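**Q** no sequence on hand, only this structure:
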């Protein structure tokens, strides 16, 4: 795949000129992340700091915006497919204006979108943006907001619901939602493979319990534990609690 480099000066000019913008946005080519280097650690550092180096814009007139995601430092746009790439495109841009990248999607699975540029993989869900290289995570940021989804907000609760707690473990995001009081447990795997929404059975201070048949979901500030017929089948430490 042929790569093209841009810098912040070119990007600033592109923002001021529609014709320059159209010229800079690639169609199928992924924007290069780093130059050649014999030092892999230096490469990883470069990608972590500036893995987005092109303008965030759908690459062709026939591809439209399907969804957008926002993290603390980046914007990601998922564009629909066209005759050149039926799955669509992953388009990202750094908030500080340092650049962006446009890459054809390689997979769409529910709320999970994956794109690849050589051995660098971009994966975004309504809960996280993860970039990995050679199987090693080099960037992982939480999603702050999602557009293009009228049913659920980025944190799992419905748009008109209150969010009481959002907890993150290594593999899951759990939201406690409700009205004036907590009433619903929502759990979703970070890889987008599944979501469950259950009424709370009971709750106390920093402890929430939901039940689905013989399966019990217990969330506390310290851990997420799932039991089945009294036997623990999953236990993960809570990394973030909001």
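**A** Thanks, I have the structure now. It should be emphasised that the depicted structure is a prediction, and the values quoted were computed from it without experimental measurement.

**Q** could you measure from residue 87 over to residue 175?
**A** Distance of residue 87 to residue 175, computed by CB to CB, to the nearest Å: 29 Å. For every residue, glycine as well, the C-beta is placed using N, CA and C.

**Q** more neighbours, those two?
**A** Between residue 87 and residue 175, counted using other CB atoms under 10 Å, residue 175 has the larger neighbour count: 25 against 17.

**Q** so how far is residue 182 from that one?
**A** On the measure of CB to CB, residue 175 and residue 182 end up 10 Å apart.

**Q** who touches both of these two?
**A** Overlap of the contact sets of residue 175 and residue 182 (by CB atoms under 8 Å, 6 or more residues apart in numbering) consists of residue 165.

**Q** the bottom helix or strand of this structure by mean pLDDT?
**A** Here the helix or strand of the chain ranked lowest by mean pLDDT, DSSP states H and E is helix 18-24, holding a mean of 27.

**Q** do you have the helices of the chain handy? List them.
**A** 8-16, 18-24, 40-50 (DSSP state H).

**Q** pick out the shakiest of these, pLDDT-wise.
**A** Comparing mean pLDDT across those, the weakest is helix 18-24, with a mean of 27.

**Q** what's the separation between the nearest residue to residue 221 once chain neighbours are set aside and residue 182?
**A** For residue 221, ignoring the flanking residues on the chain, the nearest one in space by CB to CB, 6 or more residues apart in numbering is residue 206 at 4.7 Å. Applying CB to CB, the value for residue 206 to residue 182 is 11 Å.

**Q** neighbour count winner among those two?
**A** The residue with more neighbours, out of residue 206 and residue 182, is residue 182; 17 against 12, by other CB under 10 Å.

**Q** what pLDDT is listed against the more buried one?
**A** Residue 182 is given a pLDDT of 93.

**Q** what about this protein, any weak spots by pLDDT?
**A** 1-56, 148-156, 159, 192 (pLDDT under 70).

**Q** break it down into its domains, please.
**A** 8-147, 162-241 (automatic domain parsing).

**Q** single out the most deeply packed of those domains.
**A** Most buried of these, by mean neighbour count (mean count of other CB atoms under 10 Å): domain 8-147, with a mean of 17.

**Q** and the nearest residue to residue 91 once chain neighbours are set aside, what are its bridge partners?
**A** Spatial nearest neighbour of residue 91, excluding adjacent residues (CB to CB, 6+ apart): residue 77 at 4.3 Å. Beta-bridge partners for residue 77, by DSSP bridges, are residue 68, residue 91.

**Q** residue 77 and residue 120: what is the separation?
**A** For residue 77 relative to residue 120 (CB to CB), the value is 18 Å.

**Q** same thing with residue 95?
**A** Distance of residue 95 to residue 120, computed by CB to CB: 20 Å.

**Q** ok, now residue 113?
**A** Applying CB to CB to residue 113 and residue 120 gives a distance of 15 Å.

**Q** and if you look at residue 211?
**A** 42 Å.

**Q** stretch 216-232: end-to-end distance?
**A** This stretch, stretch 216-232, spans 9 Å end to end (CA to CA, to the nearest Å).

**Q** hmm, I was thinking of stretch 90-104
**A** 6 Å.

**Q** same thing with stretch 104-121?
**A** 11 Å.

**Q** any idea how far that stretch is from the chain center?
**A** In terms of CA atoms, centre = their mean, to the nearest Å, the centre of stretch 104-121 is set 11 Å apart from its chain centre.
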